[in-house]
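Asker: quick one, what's the 3D model for this:
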Amino acid sequence: MFDLTVAATGINERTAKKAGIDCDKVVLSPMNHAGYYPGGTVMTVKVVFEKGTYRLLGAQIVGCDGVDKRIDVLATAMHAGLTALQLKDLDLAYAPPYSSAKDPVNMAGFMIENLAKGTVKQFHWDEVDALPRDGSVTLLDTRTAEEYADGHAEGFINLPVDELRGRMGKLPLGKPVYAMCQTGLRSYLACRILSQSGYDCCNFSGGYRLYGAITGDRAAARTAAPCGMEKQ
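Answerer: Sure, this is the predicted structure:
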């Protein structure tokens, strides 16, 4: 689609729920190859699985280079009957121009394993607006101040993850914490730091990159003029 590749395998989340399947998903935004190697691009990966059994139900990926490779791996894993937990164990080809040491498919598996073990809890983009803004929970944006100023979810306060250990005392210990960053990695690290200090913390799946794209697209759709015409 234009300069992007859009690929899918299996069934999506909506189809799974319509079929009565109790499902969950992980959303990640990895690079298509090692970040230090020139020319890398970000892809968005969503893997849907059945709760309890961790049966792989489907996956969708949007990006540039490397999308076809990852969707083929996931399609093969589904056909072979692998569970979502086994994705982390796949020994996939690696060289800096082609992938990272842990492939995006592996990373999806690690994220699902973290959920299965209770290492981290997550919340999703369609739950953000329903979170209380009455002070009963802490809404935390762990990106840099510059990133936060460029755009953030309503009600989220900025505390960069690099400053978290030194400023943690400012966060009320008895309130649940909902953490967000740009792609989900820094907020995951923040959740681990906070959890080890006694906080009840949830990580936002997909990051502000996903949330901003979804909410921005919806806003644009409400205000867009007909194709080829400027709004007066």
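
Asker: domains of this protein?
Answerer: Using automatic domain parsing, the domain parsing of the chain gives 5-117, 121-218.

Asker: mean confidence for the longest one?
Answerer: It stands for domain 5-117. Per-residue pLDDT values over domain 5-117 give a mean of 96.

Asker: so how far is it off the chain centroid?
Answerer: How far domain 5-117 lies from its chain's middle: 11 Å, per C-alpha atoms, centre = their mean, to the nearest Å.

Asker: now the end-to-end length of that domain.
Answerer: 33 Å (C-alpha to C-alpha, to the nearest Å).

Asker: now the strands: where do they sit in this structure?
Answerer: 5-10, 23-28, 44-50, 56-63, 121-123, 138-141, 157-158, 177-180, 201-204 (DSSP state E).

Asker: skipping its backbone neighbours, what lies nearest residue 114 in space?
Answerer: residue 120 (4.8 Å; C-beta to C-beta, 6 or more residues apart in numbering). Where C-beta positions appear, they are placed from N, C-alpha and C, glycine not excepted.

Asker: mind listing the helices for this protein?
Answerer: Secondary structure of the chain, counting by DSSP state H: helices at 13-18, 67-79, 104-117, 145-150, 164-167, 185-195, 207-223.

Asker: including mean neighbour count and distance to residue 3, could those go into a markdown table?
Answerer: What follows is the helices of the chain, written out as a markdown table (neighbours: other C-beta atoms under 10 Å; distance: least, C-beta to C-beta, whole Å):
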| stretch | mean neighbour count | distance to residue 3 |
| --- | --- | --- |
| helix 13-18 | 14 | 26 |
| helix 67-79 | 18 | 12 |
| helix 104-117 | 21 | 19 |
| helix 145-150 | 13 | 23 |
| helix 164-167 | 12 | 37 |
| helix 185-195 | 21 | 25 |
| helix 207-223 | 14 | 16 |
